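> build me a model from this:
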Amino acid sequence: MKSSGHSHAKFHVHDLVTAIARNQNYDALPLALSATEWGPLGGCLQPFALAQGQVLIEQGAMDRTLYFVESGTLSVHRADDDGRMSLALVGAGSVVGEGAFFSTLSRKASAIGSSPCRLWSLTVARFLELANRQPALALRIALALGTVLAKRAENSPRRVAVV
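Just a heads-up that it's a prediction; the model follows:
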């Protein structure tokens with residue numbers, strides 16, 4: 001991410017939980033956790049605001065951070081070797097960055113705020129801390145993220161969203 005975009009706006013993990021529960025898209029994050037389970041996960045997440053037009057992820061970057069989208073829309077695009085662009089939109093209640101999160105590969109696409117966004121980041125280091133403290137919870141999260149990855153990979157128009 002080029003700049004942090006941190007703001008002083010109030011963030012509440014409940015708003016992210018609501019966005020995830022309301023997402024009915026094909027590649028929605030299937031993560032139905034109890035309030036008790038959201039506590040440890042929320043403690044690992046870093047909320048921040050992203051402005052419209054601000055770059056969140058750059059194609060080719062080596063960062064492995066995963067982002068949960070509370071509100072707003074991200075434009076995810078990938079340039080191929082011939083310079084052609086592929087595009088997908090990722091909205092509230094979904095995630096972006098799951099491809100790099102699960103690998104040591106570079107980012108396969110860029111993500112830019114199509115509108116002002118409220119996001120929650122999860123680094124691999126914080127996820128590993130959670131996995132050490134709450135392995136069953138970490139497994140549920142990993143399986144939900146894997147479901148998103150698999151659905152996007154099998155759906156040509158959404159494949160570009162695997163960043």
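
> need the strands for this protein, in chain order.
The residue ranges that make up the strands of the chain, judged by DSSP state E, are 46-50, 55-57, 66-71, 73-79, 85-91, 95-96, 110-113, 117-122.

> these: lowest mean pLDDT?
Lowest mean pLDDT within the strands of the chain: strand 85-91, a mean of 86.

> so what are the sheet partners of that strand and their directions?
strand 73-79 (antiparallel) (DSSP bridges).

> tell me the angle the strand it pairs with makes with strand 66-71.
Computed by axes from the mean of the first three to the mean of the last three C-alpha atoms, to 10 degrees, the angle separating strand 73-79 from strand 66-71 equals 140 degrees.

> contacts for strand 73-79?
Around strand 73-79, the neighbours that count as contacts under C-beta atoms under 8 Å, 6 or more residues apart in numbering are 50, 56, 59, 85-92, 96, 108-115, 117, 160-161, 163. Bear in mind the C-beta positions are built from the backbone N, C-alpha and C, glycine included.

> mark which of those residues are buried, thanks.
Taking 16 or more other C-beta atoms under 10 Å as the criterion, what is buried in the contacts of strand 73-79 is 50, 56, 88, 90-92, 96, 108-114, 117, 160-161, 163.

> show me the contacts for S103.
S103 makes contact with R64, according to C-beta under 8 Å, 6+ apart.

> how near is it to D63?
Distance of S103 to D63, given as C-beta to C-beta, to the nearest Å: 12 Å.

> just T73 next, same as before
In this view, T73 and D63 are 21 Å apart by C-beta to C-beta.

> could you do S94 as well?
Taking C-beta to C-beta as the measure, S94 falls 19 Å from D63.

> can you check P40 too?
In terms of C-beta to C-beta, P40 sits 23 Å off from D63.

> just checking, what packs against the longest helix belonging to the chain?
Assignment by DSSP state H gives helix 135-154 as the longest helix of the chain. Using 3 or more C-beta pairs under 8 Å, 6 or more residues apart in numbering; DSSP states H and E as the contact criterion, the elements in contact with helix 135-154 are helix 35-44, helix 98-101, helix 124-133, helix 156-159.
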